[in-house]
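Asks: Predicted model, plus sequence, below.
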There are 2 protein chains.
Amino acid sequence: MIVEAPYLMFLGDVPDQLAAKTAQGIVDWRPEWCRGQLRLAGCKADLKIPDMTIEEAAKAGCRTLIVGVANAGGVLPDHWSETIVKAIEAGMDVASGLHARLASKPVIAEAALRHNRRLTDVRHSSETFATGKGTKRSGLRLLTVGTDCSVGKKYTALALEKEMRKQGLDADFRATGQTGLFISGRGVAIDAVVADFISGAVEWISPAAAPNHWDLIEGQGSLFHPSFAGVSLGLLHGAQPDCFVICHEPTRTTMRGVKHPLPSIRAVIDLTITCGKLTNPAIRPAGISVNTEHLAEAEARALVETLEKEHDLPTTDPIRFGVGAIVANLLRLYPHSKAA
Amino acid sequence: MIVEAPYLMFLGDVPDQLAAKTAQGIVDWRPEWCRGQLRLAGCKADLKIPDMTIEEAAKAGCRTLIVGVANAGGVLPDHWSETIVKAIEAGMDVASGLHARLASKPVIAEAALRHNRRLTDVRHSSETFATGKGTKRSGLRLLTVGTDCSVGKKYTALALEKEMRKQGLDADFRATGQTGLFISGRGVAIDAVVADFISGAVEWISPAAAPNHWDLIEGQGSLFHPSFAGVSLGLLHGAQPDCFVICHEPTRTTMRGVKHPLPSIRAVIDLTITCGKLTNPAIRPAGISVNTEHLAEAEARALVETLEKEHDLPTTDPIRFGVGAIVANLLRLYPHSKAA
């Protein structure tokens, strides 16, 4: 699944900023791809990038209209179709993160057919995958795993990509969720794949690579989350990571959407190794990433130091303290991946 | 997903008996539901039940035409449509285990619409599931788990249902695969569910029940299979079993379809408990089921005795030695489930 940049961000008339969370994530991580935003009358979200009409966006070179908003029920409101059809007529592809398929609106389907433009519903994989094989592939792989959903797995993998590329390393973020997919322009929304093909889909998004190449694979869910652990395990097996970074949100008391308590970081490390060995016997932890946004600076620093000592692993909050310490550890553990 | 019995088994013109494996499984376990078979010219499979025309089957009370055959690519050959349409016109529903959907043939879709008959593609769940919640449900649950795929998990769960019902216990087999689904007339092909809903789908097929009621849940894959472990873990969490039976095929050297060696029974017990605790802290093993079809009688008996001692668990081959020892253990562990 490939989404071509640059993007025109379509926000429709969503009622608040939260509904544009995916679009905001794309702007945060790929500002250079986001040429402008298009908002309908009544839209309450704002990405703080230039407002553009379809005509202006086409002139500015936009290749894809991104429907990166969430609304109640994931539906595609009828009155958005006009703008989407106009974008198609102006030569753009359309990519949507809504649950409803773009082609479910006949006017959109017909326009795409007539103008030979691509409609991409990132929540629905159209790719046919093989089942996972578990065979060792060349190249280095790091997976971000979590004590829960939404604890910073995507953010950590993206921060690692940014820092490693800055240091001249050969590193690619590999998206497994819709926001990550728009940010990298490729990947698979792994939770939307048919269950039999979870690990196979991950093998597909992280193919064999040069021995010094890093794939930084976005984790999903948690091996300890009663709703999504199956996705997390298939992802772990397909990713066959050489190492993993544990992501954690220290103020959370129960796992997202359920009543289960969070597992300890130690439990996550142990089970990730136990299960991950199946497709990579050399798997090991390489760092801890803590989302300390709800802690004061001093508290955050103290927590990071405590966890670092407790687990003997470089520990950081990527936003507050950067990921330099984890990258340094990766270069120590895998010296052949150093920049030439 | 409910498939109404009795069945007329449609074999098309498949080239050998193996292609009718699903149909044969249904006849083996539910002979009373399989009123007859319908074979086209050239068919090389035979279920050894009466051959019937559509007219005869309708008269005999058949409610559903079962397409329980596999053929190369899972396609639905054009020349099968005529028979399927005739069955619909005679008032039957149609249920298929093929990968291709029945409604992908316009003549079949139109006939079903015209006659208000149900088309069921058991490989494609049309049910909308919630994500799993992991909340404790009342009733007793047993899950069959495996050292690999195709080691007797379905067979063991069905044999337990049969024996427990014979002893007057309140027990239901819960299907999670296509053959099991036809055998019980309900269930979900869990490997065909969208990844996010694996455990939620299992919660749906095994709802809260009376405290002395047993759900005997058909396992899938193995926590150690690099292709399918995600399915197995989601199934384990959704099933929240009180106990589990480990199924094993002792002559197999590598896991099905991959090059990985089989895990030990001990490793399967340990990881099943480690992971299963998340949704049922009291989870424990209750028996071992060995498929000894490739061993001589003396060898089989010796192996069963060795494993029984090694793991301190009732061990049996359900076909050779029955499952009485495992049922006795269940009644010892859960005395309140005894028949009144």
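Replies: On my side now, so go ahead.

Asks: Specify the local secondary structure of residue A:117.
Replies: Following DSSP: H, G, I helix; E, B strand; the rest coil, the label given to residue A:117 is coil.

Asks: Enumerate every residue touching it.
Replies: For residue A:117, the contact set (C-beta atoms under 8 Å, 6 or more residues apart in numbering or on different chains) comprises A:88, A:91, A:92, A:93, A:94, A:111. Quick note: C-beta positions are derived from backbone N, CA and C, even for glycine.

Asks: mind redoing it with 7 Å?
Replies: A:88, A:92, A:93 (C-beta atoms under 7 Å, 6 or more residues apart in numbering or on different chains).

Asks: which of those residues lies closest to chain B?
Replies: Set against chain B, the nearest of the contacts of residue A:117 by C-beta to the nearest C-beta is residue A:93 (24.5 Å).

Asks: Check whether the closest one really touches residue A:118, as I assumed.
Replies: Yes - judged on C-beta atoms under 7 Å, residue A:93 makes contact with residue A:118 at a distance of 4.3 Å.

Asks: before we move on, back to that, which among the contacts of residue A:117 are in contact with chain B?
Replies: Near chain B, taking C-beta under 7 Å from any C-beta of the partner chain as the test, no member of these is found.

Asks: who touches the residue of chain A most remote from its centre in this structure?
Replies: Using C-alpha atoms, centre = their mean, the residue of chain A lying farthest from its centre is residue A:114. It sits 32.2 Å away. Counting by C-beta under 7 Å, 6+ apart, residue A:114 makes contact with nothing.

Asks: By neighbour count, which bits of the helix or strand harbouring it are buried? Give me those.
Replies: In this structure, residue A:114 sits in helix A:106-115 according to DSSP states H and E. Neighbour counts over helix A:106-115 (16 or more other C-beta atoms under 10 Å in any protein chain shown) mark A:108, A:111, A:112 as buried.

Asks: Can you name the secondary structure element that comes next after it?
Replies: As assigned by DSSP H and E, the chain's next helix or strand after helix A:106-115 is strand A:119-121.

Asks: just curious, which of the buried residues of helix A:106-115 is nearest to chain B?
Replies: Of these, the one sitting nearest to chain B (C-beta to the nearest C-beta) turns out to be residue A:112, at 22.2 Å.

Asks: is it possible to export the buried residues of helix A:106-115 to a markdown table including distance to chain B?
Replies: Below are the buried residues of helix A:106-115 laid out as a markdown table (distance: C-beta to the nearest C-beta, whole Å):
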| residue | distance to chain B |
| --- | --- |
| A:108 | 23 |
| A:111 | 26 |
| A:112 | 22 |
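
Asks: and the residue of the stretch 51-200 of chain A nearest chain B?
Replies: residue A:134 (2.8 Å).

Asks: Just list the residues touching that residue, thanks.
Replies: A:237, A:278, A:279, B:226, B:227, B:258, B:260.

Asks: Restricted to buried residues, select the residues you listed in PyMOL.
Replies: Here is the PyMOL command that selects the buried residues among those (16+ other C-beta under 10 Å):
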select buried, (chain A and resi 237+278+279) or (chain B and resi 226+227+258+260)
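
Asks: At which residues are the strands of the stretch 151-300 of chain A located?
Replies: A:171-174, A:214-217, A:243-248, A:284-290 (DSSP state E, counting those that start in this stretch).

Asks: Mind checking the pLDDT average for the first one?
Replies: Strand A:171-174 carries an average pLDDT of 98.

Asks: which other helices and strands contact that strand?
Replies: Judged by 3 or more C-beta pairs under 7 Å, 6 or more residues apart in numbering or on different chains; DSSP states H and E, strand A:171-174 is in contact with helix A:153-166, strand A:214-217.

Asks: Highest mean neighbour count out of those?
Replies: strand A:214-217 (a mean of 26; mean count of other C-beta atoms under 10 Å in any protein chain shown).
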